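Novice: need coordinates for the following:
(chains A, B, C and D)
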Number of protein chains: 2
Amino acid sequence: MEPTNIPLQRRTLGGLLRLAEETARTRVYARLAEAGFPDIRPAHSSLFRNIFAGGSRVSELADRAQMTKQSMAYLADSLAAAGYVTLEPDPTDGRAKLVRLSEKGLLAQEAMVRLSAAIEREFGELIGQKEMADLRRSLERLADRLGALRQSQI
Amino acid sequence: MEPTNIPLQRRTLGGLLRLAEETARTRVYARLAEAGFPDIRPAHSSLFRNIFAGGSRVSELADRAQMTKQSMAYLADSLAAAGYVTLEPDPTDGRAKLVRLSEKGLLAQEAMVRLSAAIEREFGELIGQKEMADLRRSLERLADRLGALRQSQI
DNA sequence: CCCAATTAGACAGAACGTCTGTCGATATAT
DNA sequence: ATATATCGACAGACGTTCTGTCTAATTGGG
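Specialist: Numbers count the residues shown, from 1 in each chain, chains lettered A, B, ... in the order given. A predicted model of the protein is given here:
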């Protein structure tokens, strides 16, 4: 029997990215639950990642997260039900709704950033902190260039 | 007004990985559709990634893809309906079902690998081919170490 | 050889996150 | 002042995953 058991010789870039991302995501949300934030799910990160300190509108958040207003409204509602954000009418625009992080929401956001950094350090222990720093820098550069592309195409 | 408009100063590792992965995924599946395989969706990659040339069982595929047998069976059924795989009873085990790539399925798998390589090259044009090669090597090392961890924990 | 335990998959039901399409209310610009 | 655009709400759908339960088939220990 030949040792041709590996389905794909060269792993795809997408597969490699996905494995790293999924591992990081799983760890972050598991520890977030242990830390007292069990009702925050991965999808909520599009809100936490994009909200401003003074509050943001749903459509503003949807724009930045590159998703529909409906989807973002669904996330905002579920986070409001769990007490992470408050929803108030925007005084400057009668149509709009302001999403604002509550005290608990701020703590959760801080915990997410802290846990993400911890997992980055753990990855660094596996491949070396210097190599991990290089990896981050490359991903940042890639993200910047891809973002620039997206801007210019609009 | 302060320029404190960026919600998070330091982008999280997960966010960076997700952006790269999502961009690669979107491009691969858009071009796959243009190349004549419009009914292949991202979820199907867990099957294409893990299937052996001689065919594989559903539970074998589910194991390797780290998902439930039900989920993999659903993917296999939908790919069978679109003609990418055939489902035959396994002659060596009356309970089992063999999933095998059809001619069309093989072509699709090749196209996916080819497109993935093309997008990797495009990313390399953005950040430099050498830096891209380093990035891949780091991700491969990380994947290997994470895989080793997972093995030892079972 | 038989019975118990395991394994392969099927089926039903649910949850989650996303989408489209339509709608009323409010702002904005000509 | 009216036409157009925007904000969010509502209803409905789809894709992907999960749990839980079930039958059929296989395997191993006594």
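
Novice: tell me which element the residue most central in space within chain A falls in.
Specialist: Computing the C-alpha centroid of chain A and ranking residues by Cα atoms, centre = their mean puts A:S45 first, at 4.0 Å. Taking DSSP states H and E as the definition, one finds A:S45 inside helix A:45-48.

Novice: so the residue nearest to the centre of chain A touches A:M112, yeah?
Specialist: Yes. Under the criterion of Cβ atoms under 8 Å, A:S45 makes contact with A:M112 at 7.2 Å. Glycine gets a C-beta too; all of them are placed from N, C-alpha and C.

Novice: next up, identify which helix or strand A:G124 is on.
Specialist: A:G124 is part of helix A:103-127, with elements assigned from DSSP H and E.

Novice: do A:R27 as well
Specialist: Going by DSSP H and E, A:R27 is part of helix A:13-34.

Novice: mind giving me the packing neighbours of the lowest-mean-pLDDT helix or strand in chain A?
Specialist: None of the helices or strands of chain A scores lower by mean pLDDT, DSSP states H and E than helix A:129-153, at a mean of 89. Judged by 3 or more Cβ pairs under 8 Å, 6 or more residues apart in numbering or on different chains; DSSP states H and E, the packing partners of helix A:129-153 are helix A:103-127, helix B:13-34, helix B:103-127, helix B:129-153.

Novice: residues near A:Y29, how many?
Specialist: 20 (other Cβ atoms under 10 Å in any protein chain shown).

Novice: tell me the residues of chain A that contact DNA strand D?
Specialist: A:57-60, A:69-70, A:73, A:90, A:93, A:95-97 (Cβ under 7 Å from any atom of the strand).

Novice: if we go to 6 Å?
Specialist: Residues of chain A lying close to DNA strand D (Cβ under 6 Å from any atom of the strand) are A:57-59, A:69-70, A:73, A:95-97.

Novice: secondary structure element for A:E88?
Specialist: With DSSP H and E as criterion, A:E88 is part of strand A:85-89.

Novice: give the contact list for whichever residue of chain A sits closest to DNA strand D.
Specialist: DNA strand D sits closest to A:S59 of chain A, with a gap of 3.1 Å, by Cβ to the nearest atom of the strand. For A:S59, the contacting residues are A:69, A:72, A:96, by Cβ atoms under 8 Å, 6 or more residues apart in numbering or on different chains.

Novice: what separates the helix or strand hosting it from the chain centre, distance-wise?
Specialist: Using DSSP H and E, the element containing A:S59 is helix A:58-65. The chain centroid and the centroid of helix A:58-65 are separated by 14 Å under Cα atoms, centre = their mean, to the nearest Å.

Novice: alpha carbons of that helix, as PDB, please.
Specialist: The C-alpha coordinates for helix A:58-65 follow below in PDB (Å, rounded to 0.1, in the frame of the first residue of the first chain):
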ATOM      1  CA  VAL A  58     -27.100  50.000  13.600                       C
ATOM      2  CA  SER A  59     -26.600  50.900   9.900                       C
ATOM      3  CA  GLU A  60     -23.200  52.400  10.800                       C
ATOM      4  CA  LEU A  61     -22.200  49.100  12.400                       C
ATOM      5  CA  ALA A  62     -23.600  47.100   9.500                       C
ATOM      6  CA  ASP A  63     -21.600  49.200   7.100                       C
ATOM      7  CA  ARG A  64     -18.300  48.700   8.900                       C
ATOM      8  CA  ALA A  65     -19.000  45.000   9.500                       C
END
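
Novice: without its sequence neighbours, what residue ends up closest to A:L13?
Specialist: B:E120 (4.6 Å; Cβ to Cβ, 6 or more residues apart in numbering or on different chains).

Novice: so what's the one you found up against?
Specialist: B:E120 touches A:13, B:24, B:132, B:136, counting by Cβ under 8 Å, 6+ apart.

Novice: how near is the first one to B:L135?
Specialist: For A:L13, the distance to B:L135 (Cβ to Cβ, to the nearest Å) stands at 9 Å.
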